[in-house]
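Asks: Pasting the sequence and the predicted coordinates here, then a few questions.
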Amino acid sequence: MKLYFAPMACSLAPHIVMRELDLEFRLVGVNNKTKKTTEGKDFLAVNPKGYVAALALPDGRILTEAPAILQYLADQSPQGQLAPAPTSRERPRLQEWLNFIATELHASASPLFDERIPDTVKAIYKDKLFKRFDFLANTLEHQDYLLVRYGVADPYLYTVLTWMPRFSIEIDQWPALHRYMKRIGARQAVLEAEAAERRIRIP
């Protein structure tokens, strides 16, 4: 498999999961501005949506969208127990968390990267994020991970939360989230993924 990524973008989540599961894969960096890859190709020919993550499967198909990729990877290696079985009663709970992260956190954080958006508008997005962080902190006061055990939703949440310092949002305002970030960030797969992304020079 081949994972198209941009450093510290949401593609970090599937990158972490691939290392957690010890899957064979190759990283291909993408310049978010020029859409050129480290292979010298046009990323838009890979994913016309124009954003990472994109996963090239062994049969040549391209899978996009972090929640879909994360579940696909977990199902390739069920012994890793990073997702409940597809037909289990617990699987919808994982999908619930992945959708929450994608729509309530990822989607609210993304506009904060845009320098064209005025601070007054960004304040609205931040207020929405703060309310969601209150909810998350309440959940993580009582459990170490989003589900009963560590799973694919956790690297996704971790990835989105790593963006917050760029927006002058201090996660330690929510002690449970701060502890959660320390817990996930100390995992070997996370450390290896972050180090690998720093080493690759993006064109």
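Replies: Sure thing, it's come through. Numbering: from 1, shown residues only.
Asks: Identify each buried residue in the longest helix seen in the chain, please.
Replies: The residue-count maximum for a helix in the chain (DSSP state H) belongs to helix 119-140. In terms of neighbour count (16 or more other Cβ atoms under 10 Å), helix 119-140 has its buried residues at 125, 126, 129, 133, 136, 137, 140. No exception for glycine: its C-beta is placed from N, CA and C like everyone else's.
Asks: and which of these is nearest residue 77?
Replies: residue 140 (25.8 Å; Cβ to Cβ).
Asks: who touches that closest one in this structure?
Replies: 146, 176, 177, 179, 180 (Cβ atoms under 8 Å, 6 or more residues apart in numbering).
Asks: can you give me the helices for this protein?
Replies: 12-20, 43-46, 66-76, 91-100, 107-109, 119-140, 153-162, 175-185, 188-199.
Asks: tell me which strands and helices the second one is in contact with?
Replies: Applying 3 or more Cβ pairs under 8 Å, 6 or more residues apart in numbering; DSSP states H and E, one finds that helix 43-46 makes contact with strand 54-56.
Asks: Contacts for the strand it packs on, please.
Replies: Against strand 54-56 from outside (Cβ under 8 Å, 6+ apart): 1-4, 11, 14, 43, 46-47, 62-64, 69, 72-73.
Asks: in its sheet, what does it sit against?
Replies: Sheet pairing of strand 54-56 (DSSP bridges) gives strand 2-5 (antiparallel), strand 62-64 (antiparallel).
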